[in-house]
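**Q** Build me a model:
(one chain, ligands or ions: 1)
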Amino acid sequence: MPFAHIRGTGSAVPERVLDNAELEKIVDTTDEWITRRTGIKQRRIAMGDNNESTAALGTRAARGAMEMAGIAADQIDTIIMATITADRIFPSAACMVQKELEAFNAAAYDISAGCSGFLYALESGNNSIKSGMSRTCLIIGAERLSAIVNWEDRGTCVLLGDGAGAVILRRQDEPGGLLSTHIKSDGRLWDLLYSDKGNAPAPESLAGLVGIPFHLKMEGNRLFKQAVPCMASIAEKALEQNGLSREDIQLVIPHQANLRILQAVSEKLKIPMEKFFTNLQHYGNTSAASIPLAMDEAHRQGRIKSGDCVLLVSFGAGLTWGAAVLKWTL
Ligand code: ACO
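**A** Next comes the predicted model:
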């Protein structure tokens, strides 16, 4: 049975930084409240003038991963893009990325699984490689959540941000790479976090955000209570399936929703926070982009070494949750 190894990582974030102090001028909130309740200090916001569509951010992240992997566009067999904020309802954002990359030998499609989208996409890529359908998969998570946020709702707009991350998955015979993926859903609770309309175009300036019709609706409190046990139980299942103990994990790269959620998951799993990579203070919750964006930063900062066991764990709209275990071979 072949293995799917990560051969390259990449990421891209919009230029415009929106910090908590500036957010205080948009909604009735404070830096103190946001920091204490979430850990978030700033987020990035896509601007139309900067060519920061979801597909453009995804393309930039993909180029970074391809360059690291030494993979040319025509070698890619499958492009899977996890997003809930594709630039259009159709065609898929993945097809737009395909055009930009000129990866014309690939099949390209999107996956919608909220903040767990990247792990769903990773599972699809893994299956495609293991079944022999693909040798090289480009897996992207990219979001422009600023387009679907209600900028008058302080309970949600302070949490979310824009960005993208990508990995190149490549078939190799040597054991390692993706050791397992687990994904789960519970559609009974879909109405804890949902969108009621399509997306608005990126504005020319921050002032343009306030007028957009709002779409994202969330029951943050109830989600918080679901997130912790779901993330902990699926992570435990992933460890168990691989015969790994907590001590065998060198780094946890979780979905970056809220520092307090991660602290609670860390306690439940008995894996110390020092082993949790976090960058939510810089980017907020970027939904499907958050894990690959964090993975790229962790790798480029030297936080992951070849041979390390890495645990990915996520939770999001759907509800959906997932975990993956990687033997890092980059
Ligand atoms: N600034 C100031 N006050 C605020 C703000 C704000 N931005 N937002 C809410 N408040 C107020 C509320 O109005 C409330 O006031 P009240 O007590 O007078 O009624 C008070 O703060 C407490 O509100 P809660 O919603 O109970 O605060 P909580 O501690 O639950 O924190 C939060 C809210 C941060 C949203 C938290 O519930 C959370 O992180 N939930 C998980 C959300 C999440 O992770 N969603 C994403 C998962 S899925 C995905 O990633 C897409």
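
**Q** now for the helix or strand that contains Leu311, which elements pack on it?
**A** Per DSSP states H and E, Leu311 falls inside strand 309-316. Contacts defined by 3 or more C-beta pairs under 8 Å, 6 or more residues apart in numbering; DSSP states H and E place strand 309-316 against helix 117-130, helix 220-241, strand 251-254, helix 290-300, strand 320-327. The C-beta positions use only the backbone N, C-alpha and C, and glycine is treated the same way.

**Q** wait, which of these is closest to the ligand?
**A** helix 220-241 (2.9 Å; C-beta to the nearest ligand atom).

**Q** same question for the closest one, mean pLDDT?
**A** Averaged across helix 220-241, pLDDT comes to 96.

**Q** for that helix, which positions count as buried?
**A** By 16 or more other C-beta atoms under 10 Å, the buried positions in helix 220-241 come out as 220, 223-224, 226-228, 230-235, 238-239.

**Q** starting at the chain centroid, how far to it?
**A** A distance of 17 Å separates the centroid of the chain from that of helix 220-241, by C-alpha atoms, centre = their mean, to the nearest Å.

**Q** what about the closest residue to Ala232 other than its chain neighbours, how many residues close to it?
**A** Computed as C-beta to C-beta, 6 or more residues apart in numbering, the closest residue to Ala232 that is not its neighbour in sequence is Lys268, at 3.9 Å. Using other C-beta atoms under 10 Å, Lys268 is surrounded by 15 other residues.

**Q** who's in contact with Lys268?
**A** Counting by C-beta atoms under 8 Å, 6 or more residues apart in numbering, Lys268 touches Val228, Pro229, Ala232.

**Q** so which strand or helix has it?
**A** Of the helices and strands defined by DSSP H and E, Lys268 is found in helix 259-269.

**Q** can you check Asn105 too?
**A** Assessed by DSSP H and E, Asn105 sits outside every helix and strand.

**Q** how near is the closest residue to it other than its chain neighbours to the ligand?
**A** Nearest residue to Asn105, sequence neighbours excluded (C-beta to C-beta, 6+ apart): Asp74, at 5.3 Å. Applying C-beta to the nearest ligand atom, to the nearest Å, the value for Asp74 to the ligand is 35 Å.
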